[in-house]
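Novice: Provided below are the primary sequence and the corresponding predicted coordinates.
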Amino acid sequence: MTRRLAAVLAADVVGYSANMEKDEQATLAALRHLRQEILEPVISEHGGRIIKSMGDGWLIEHSSAQAIVASDAAVAADERDAYALATASQAKAQAGLSEDALPLAQRAIRNNPYLPPGHAIASLCYFQLGRYEEAKEAGDQALELNPNDPFRSMVRTIRGM
């Protein structure tokens, strides 16, 4: 049995459930496009592979953390895909990389100002960076767009500070 070191990334699509409620067929088509046209080619190009699919989420294996970062940057480089940008931003913010995550969230918002997760993730980034007023404004916008957003408890916590 051969042993090897692997870096594993868990990824999921921001806003998937809410979009499924609004338009199931369009959401499934977008998810298929994301996987076939963006994720699989980029992951393969950087020497990785999808090791498990779970609806709107994937476990992705790479040989190094650097390869994961390179793949992540390539996926986020699709400036037209607000969901991909928001998802990449979320992953970076949750890893404590808010300085890197905030520009991605801002681009997601520019591409789709009606995308609640983009505003919620921007709120988290601003908060982590100590920019509390901007965090409250972005959080207010996220809740105005979708009071039932999955990030609502985080946003309400930030707004209450």
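Specialist: Perfect, thanks for sending it. Given the structure is predicted, the values throughout are model-derived calculations rather than measurements. Residues are numbered from 1 along each chain as shown.

Novice: got the confidence number for the residue nearest to the spatial centre of the chain?
Specialist: Nearest to the mean C-alpha position of the chain, by C-alpha atoms, centre = their mean, lies residue 87 at 0.9 Å. You'll see residue 87 listed with a pLDDT of 77.

Novice: now do the same contact list for it.
Specialist: Listed by C-beta atoms under 8 Å, 6 or more residues apart in numbering, the contact partners of residue 87 are 11, 12, 13, 14. In this view, the C-beta of every residue, glycine as well, is placed from N, C-alpha and C.

Novice: and residue 51, by the same measure?
Specialist: Contacts for residue 51 (C-beta under 8 Å, 6+ apart) come out as 8, 59, 60, 61.

Novice: give me the phi and psi angles of the last one.
Specialist: With angles defined as degrees, to the nearest 10, residue 61 sits at phi -110, psi 140.

Novice: that one against residue 48, yeah?
Specialist: Yes. With contacts counted by C-beta atoms under 8 Å, residue 61 reaches residue 48, the gap being 5.9 Å.

Novice: what about these two, which has more around it?
Specialist: Taking neighbours as other C-beta atoms under 10 Å, residue 61 and residue 48 compare with residue 48 leading, 24 against 18.

Novice: next, the closest residue to that one other than its chain neighbours: phi, psi?
Specialist: Once flanking residues are discounted, residue 48 sits nearest to residue 62: 4.0 Å by C-beta to C-beta, 6 or more residues apart in numbering. The phi/psi pair for residue 62 (degrees, to the nearest 10) reads phi -130, psi 170.

Novice: residue 62: how many residues sit nearby?
Specialist: 20.

Novice: and the residue nearest to the centre of the chain, how far from residue 1?
Specialist: Using C-beta to C-beta, to the nearest Å, we find residue 87 at a distance of 35 Å from residue 1.
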